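Student: Sequence first, predicted model second:
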Amino acid sequence: MPINVLVVDDSIVFRTKLNLSLSKDPEIKVIGTAMDVEDALKKIKELKPDVVTLDIEMPNANGFELLKTVMPTNPLPIVVVSSLPANALDALSLGAVDFVKKPEAGVVDSTETFIAKLIEKIKIASKANVKHIERPSAVQPILAQNSSSAISRNLSFNSNTIIAIGASTGGTEAIINVVKDLPASTPPVLIVQHMPATFTKLYADRLNRICKMRAKEAEDFDRVLPGQIIVGAGGYQMTLKKDDNGYYIRSVIGEKVSGHSPSVNVLFDSVAELVGRNATAVILTGMGSDGASGITKIRRLGGYTIGQDKDSCVVYGMPMEAFKLGGIVKQLPLDMIAEDLFARLKNRII
């Protein structure tokens, strides 16, 4: 059965282009188009699409209003199409499954790449478990006040401890769920979230605003310090290195690995080699297998590994592949991962 898609965009030219382009794929059937939020809400009710592609920047009511209306009560997979990275991230926080950046006007290669990515995202979204997408209003503090107070008193940890996290589809909000309440004295957290350039910087800035730890996008030769979150930059491969002064980051333009740059496997492999038993790795929601072999190396070298469980994943792909390889010590629901990390840290105080 083809994936039934509703296209929502205020531009008749762009709606027509999407309709024609998406319809060329035998696995996709465009069952309707909508010019604005009111039209879209009506057609969602009438046509019951499997996936909606949603333009955010529309006059009058914008795409955010549709997300706010649909996702809390009748969630369905929505792929956002936006020219503004900040808007795409806001849409993800409201429950959108994924996003694609609008093509640059007049650039043929940009349009072709955009269509290919949108088709890929639609197919992934059609398998998404949207009822488990967390929204800010539903997220409660993960760590109880009394349970985190011990770490807040500036206790010292093994200086070799590193936490590495990898995610893809559904990962932006899942990562926030895991890290936002970790105390400021937590050992370094290195993150790879599959995301293009520009978006990773905005995402790191968002983490910095809402987390107790400091957060930044990776830059080449960044020192890796306690209390800091480093997010791999889009289009760059991030690896962990070590010298006489401690750990640092290499962030360099490189070929895609496991289909991605940054790649979770690249980060996890480097953590496995340098940190071994002092590493803690977490693999979260996402399509494909990136990170599965890397987290398995970490476990085989004595590190502690967590995989998000099927029921709480938006897409149970990467954690499933890691589990199948024997790379997971514990499979946990998303809302239990931060507490488990905290318990692990308490046991490693020196």
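Tutor: Received the coordinates, thanks.
Student: now the helices for the protein?
Tutor: Using DSSP state H, the helices of the chain run over 12-23, 37-47, 63-70, 85-93, 108-125, 145-152, 171-179, 199-210, 264-275, 292-300, 318-324, 334-346.
Student: Show me what the first one is packed against.
Tutor: Right, helix 12-23. With contacts taken as 3 or more C-beta pairs under 8 Å, 6 or more residues apart in numbering; DSSP states H and E, helix 12-23 sits against strand 3-8, strand 28-34, helix 108-125. Every residue, glycine included, has its C-beta placed from N, CA and C.
Student: Show me which positions of that helix end up buried.
Tutor: For helix 12-23, the neighbour count (16 or more other C-beta atoms under 10 Å) marks 14-15, 17-18, 21-22 as buried.
Student: still on that earlier bit, quick one: closest of the helices of the chain to M1.
Tutor: Of all the helices of the chain, helix 108-125 sits nearest to M1, with 12.8 Å by C-beta to C-beta.
Student: So which elements touch the closest one?
Tutor: Packing partners of helix 108-125 (3+ C-beta pairs under 8 Å, 6+ apart): strand 3-8, helix 12-23, strand 28-34, strand 51-55, strand 78-82, strand 98-101.
Student: okay if I get these as a markdown table plus distance to R214 and mean pLDDT?
Tutor: Converted to a markdown table, those look like this (distance: least, C-beta to C-beta, whole Å; pLDDT from 0 to 100):
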| stretch | distance to R214 | mean pLDDT |
| --- | --- | --- |
| strand 3-8 | 38 | 98 |
| helix 12-23 | 40 | 95 |
| strand 28-34 | 42 | 98 |
| strand 51-55 | 33 | 97 |
| strand 78-82 | 28 | 95 |
| strand 98-101 | 26 | 94 |
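Student: As JSON lines, the ones you listed with distance to G303 would be great.
Tutor: As requested, the helices and strands packed on helix 108-125 are arranged in JSON lines below (distance: least, C-beta to C-beta, whole Å):
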{"stretch": "strand 3-8", "distance to G303": "39"}
{"stretch": "helix 12-23", "distance to G303": "43"}
{"stretch": "strand 28-34", "distance to G303": "41"}
{"stretch": "strand 51-55", "distance to G303": "37"}
{"stretch": "strand 78-82", "distance to G303": "35"}
{"stretch": "strand 98-101", "distance to G303": "30"}
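Student: looking at the ones you listed, which is closest to I328?
Tutor: Comparing the helices and strands packed on helix 108-125 by C-beta to C-beta, strand 98-101 comes nearest, at 24.3 Å.
Student: Give me the contact list for the closest one.
Tutor: Identification of contacts with strand 98-101 by C-beta atoms under 8 Å, 6 or more residues apart in numbering yields 79-83, 85, 88, 91-92, 114, 117-118, 121, 124-125, 169, 196.
Student: repeat that with 6 Å
Tutor: By C-beta atoms under 6 Å, 6 or more residues apart in numbering, the residues outside strand 98-101 that reach it are 79-81, 88, 117-118, 121, 169.
Student: Domain parsing of the protein, as residue ranges.
Tutor: Residue ranges for the domains of the chain, per automatic domain parsing: 3-128, 143-346.
Student: least reliable of the helices of the chain going by mean pLDDT?
Tutor: Lowest mean pLDDT of the helices of the chain: helix 145-152, a mean of 48.
Student: Spatially central residue in this structure, please.
Tutor: Residue closest to the average C-alpha location in the chain (C-alpha atoms, centre = their mean): G171, at 2.4 Å.
Student: Can you say which of the domains of the chain is packed in most?
Tutor: The highest mean neighbour count among these, using mean count of other C-beta atoms under 10 Å, belongs to domain 143-346: a mean of 20.
Student: From the chain's centroid, how far away is it?
Tutor: In terms of C-alpha atoms, centre = their mean, to the nearest Å, the centre of domain 143-346 is set 11 Å apart from its chain centre.
Student: how about the residue nearest to A174 when sequence neighbours are not counted, what does it touch?
Tutor: Sequence neighbours aside, L284 is the residue nearest to A174 in space, at 4.6 Å (criterion: C-beta to C-beta, 6 or more residues apart in numbering). Neighbouring residues of L284 by C-beta under 6 Å, 6+ apart: 167, 171, 174, 308.
Student: Widest-spaced pair of those residues?
Tutor: Farthest pair in those, by C-beta to C-beta: G171 and Q308, 9.4 Å.
Student: Would you reformat the contacts of L284 as a markdown table and include distance to T73?
Tutor: Shown next, in a markdown table, are the contacts of L284 (distance: C-beta to C-beta, whole Å):
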| residue | distance to T73 |
| --- | --- |
| A167 | 26 |
| G171 | 24 |
| A174 | 22 |
| Q308 | 25 |
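Student: May I have the beta-bridge partners of I249?
Tutor: L240 (DSSP bridges).
Student: Quick one: residues in contact with stretch 229-239.
Tutor: Residues outside stretch 229-239 that contact it (C-beta under 6 Å, 6+ apart): 189-192, 195-197, 199-200, 204, 207, 213, 215, 217-218, 250-251, 253-254, 261-262, 266-267, 270.
Student: likewise stretch 317-324?
Tutor: By C-beta under 6 Å, 6+ apart, the residues outside stretch 317-324 that reach it are 283, 286-289, 291-292, 295, 307-308, 328.
Student: before we move on, back to that, isn't the residue nearest to the centre of the chain up against Q193?
Tutor: Yes. Because the distance of 5.0 Å satisfies C-beta atoms under 6 Å, G171 is recorded as touching Q193.
Student: Now do S93 against F64, distance only.
Tutor: Noted for S93: a distance of 10 Å to F64, by C-beta to C-beta, to the nearest Å.
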